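for reference, the sequence and a predicted model appear below.
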Amino acid sequence: MTDTRRRRFAERRKARGLNQEEFAEAVGVDRSTVQRWENGKTGPQPWQRPKIAKALGVTANELDALLIPDAYTLPQPPGLWLSVAHPTTDDEFDAFELARRVSASDVGKETLSRLENSFDELAMKYPVSPPQELLERVRKHSAYVAHLMDARMTLSEQQRLYVVGGWFQLLGATLHIDLNQEHAATARLQAAASLARHAGHREIEAWCYETDAWRVLTDGDYGRALELSQVAQQLAPTGSSVEIQATAQEGRARARLGENAATYAAIEKVQRMSGAMVPWKGTEHHFQYDPGKSLAYTATTLAWIGDPSAETYAREVIARLAPSEDIHKWPRRVASANIDLALALLGGDRMDEACNAAQRAILSGRIVPSNHWRALEVVKAVETRQLPEAPDLREAYQGLKALEAGE
């Protein structure tokens, strides 16, 4: 831990009215272990964090703020930067620790490789996993990375640790956005950007801006989304996935702003760049662009500017990714494509088909909280037309909101 982190940790313990011995008893460790945590010699293990959080009276997110390195705010252009997965078991981190202990340094290449592979695994689970469940795994991996930060390591190992730590923070931020957890998302984006800058990793830095562009776009701030997506493109390595996705975000922002000519130009650029991509991490990796994603982004963008060809793109996404009629097994992109399809069909006055597509999307369980506004757009459009299907569609949407609230 840094001096600041040590002070925060100890101050929180004292604020709870606990001395070191009482705190040690509460979390099931020796007083000497607490002393080592507070003097910076070691950090808590991931499996000790739930008891620590309970003893300190903090949430998992608040405990992250006590345990992860202090976040350095990313230098920003004026007015831009914001001021089903299986649970991870202790066995996974026991293996990490064993790999670390047998290496020459306190971190080791084997441990870093395992962490990098774990990140890729979680990034590929993103499209089909409930965000809250996936977030629990990301939290534990992020905490383990933080645990290694103070260890002895070579410069090359330190850079790799900063990079994989940045990726985990970025994925965590994405999940927080999906769950409408704004403050946690901001903290993780800033931590990811800080780690990226320390490692000289412009790709992660660019992803931070692209991810924030999506967040503010969902909040309805289309002008700012456009600016953030352009900053991301400037930072992104040429031909990288993030350059393509940031361009796609630019197109979506311009569509919401009603800039049709610029929207079509962005779509054309995305299709050209994505056609040259060769996926190498698995086509469902969240931070790797592929032609399939291009179809989905094109469907959404065209639907937003009222182009009837959005129907063709949306149907192609559905045909490729949802050959089964079991809507509960859909990847997330299929639910979004059904919303795009509904918007396109409403524009063509094909009301029955539009309502059916919207109903399927809402009932699939694949629409994350940050995308509820898109489903609501369809519901309101159906209600405006006073269609007989409107009450059923509104009821399905209210069920979606109730599920989010845990009712």
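Perfect, thanks for sending it. Given the structure is predicted, the values throughout are model-derived calculations rather than measurements.

tell me which residues touch the residue lying closest to residue 309 once chain neighbours are set aside, please.
Nearest in space to residue 309, with sequence neighbours left out and distances taken as CB to CB, 6 or more residues apart in numbering, is residue 302 at 5.7 Å. For the C-beta atoms, the positions are set from N, CA and C on the backbone; glycine is no exception. Contact analysis of residue 302 by CB atoms under 8 Å, 6 or more residues apart in numbering lists 255, 267, 309-310, 313, 340, 344.

please identify which helix or strand holds residue 302.
Residue 302 belongs to helix 291-304 when assigned by DSSP states H and E.

quick one: buried residues of that helix?
Judged by neighbour count (16 or more other CB atoms under 10 Å), helix 291-304 contains these buried residues: 292-304.

please indicate which of the contacts of residue 302 has the highest neighbour count?
Neighbour counts for the contacts of residue 302 peak at residue 340, which has 30 neighbours (criterion: other CB atoms under 10 Å).

ends of stretch 39-49, how far apart?
Distance across stretch 39-49, first residue to last, is 18 Å (CA to CA, to the nearest Å).

tell me the mean pLDDT over that stretch?
Averaging pLDDT along stretch 39-49 gives 68.

now for the closest residue in space to residue 127 that isn't next to it in sequence: which residues touch it?
Residue nearest to residue 127 in three dimensions, not counting chain neighbours: residue 331, with 4.5 Å by CB to CB, 6+ apart. Contacts were defined as CB under 8 Å, 6+ apart; by that measure residue 331 touches 127-128, 284, 321-322, 366.

is it true that residue 357 touches residue 342?
Yes - between residue 357 and residue 342 a contact is recorded at 4.2 Å, counting by CB atoms under 8 Å.

compare these two (neighbour count), which wins?
More crowded of residue 357 and residue 342, by other CB under 10 Å: residue 342, with 32 against 26.

hmm, that one is touching residue 352, no?
No - look at residue 342 against residue 352 with CB under 8 Å: they stay out of range, at 11.1 Å.

mind checking which helix or strand residue 32 is in?
Assigned by DSSP H and E, residue 32 falls in helix 31-39.

show the subsequent helix or strand relative to that helix.
helix 49-56.

and that next one, what's buried?
49, 52-53, 55-56.

neighbouring contacts of that helix?
For helix 49-56, the external contacting residues (CB under 8 Å, 6+ apart) are 12-13, 16, 18, 23, 26-28, 44, 59-60, 62-63, 66-67, 140, 143.

swap the cut-off to 7 Å and go again
12-13, 16, 23, 26-28, 44, 59-60, 63, 143 (CB atoms under 7 Å, 6 or more residues apart in numbering).

got the residues you listed as TSV, with neighbour count columns?
Listed next are these as TSV, based on neighbours: other CB atoms under 10 Å:
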residue	neighbour count
12	19
13	21
16	14
23	23
26	17
27	20
28	11
44	23
59	11
60	15
63	21
143	23
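
flag whichever of those residues scores worst on pLDDT.
Confidence-wise, residue 60 trails the rest of these, at 70.

sorry, back to before: what mean pLDDT does the helix holding residue 302 have?
Computed over helix 291-304, the average pLDDT equals 84.

state the distance from the residue nearest to residue 309 to residue 109.
As judged by CB to CB, to the nearest Å, residue 302 and residue 109 stand 46 Å apart.

how many other residues sit next to residue 36?
Here the count is done by other CB under 10 Å, and residue 36 has 15 residues near it.

okay, and the helix or strand of this protein with the least pLDDT?
One helix or strand of the chain scores below all others by mean pLDDT, DSSP states H and E: helix 90-101, with a mean of 63.

name the next helix or strand downstream of that helix, please.
Following helix 90-101 in sequence, per DSSP H and E, is helix 109-125.

which strands and helices sit next to that next one?
Judged by 3 or more CB pairs under 7 Å, 6 or more residues apart in numbering; DSSP states H and E, the packing partners of helix 109-125 are helix 90-101, helix 131-148, helix 155-178.

switch those over to a markdown table; also include distance to residue 271.
Formatted as a markdown table, the helices and strands packed on helix 109-125 follow (distance: least, CB to CB, whole Å):
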| stretch | distance to residue 271 |
| --- | --- |
| helix 90-101 | 40 |
| helix 131-148 | 29 |
| helix 155-178 | 24 |
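
nearest to residue 246, out of the ones you listed?
helix 155-178 (13.8 Å; CB to CB).

now flag whichever of the contacts of helix 49-56 is closest to residue 177.
Of those, the one sitting nearest to residue 177 (CB to CB) turns out to be residue 60, at 16.8 Å.

if I look at the closest one, how far off is residue 168?
Residue 60 is 14 Å from residue 168, where distance means CB to CB.

and if you look at residue 230?
Distance, residue 230 to residue 168, by CB to CB: 26 Å.

and those two? which has more neighbours close in?
Between residue 230 and residue 168, residue 168 has the larger neighbour count (other CB under 10 Å), namely 29 against 19.

close enough to count as contact, the more buried one and residue 139?
No - using CB atoms under 7 Å, residue 168 is not in contact with residue 139; the gap is 9.0 Å.
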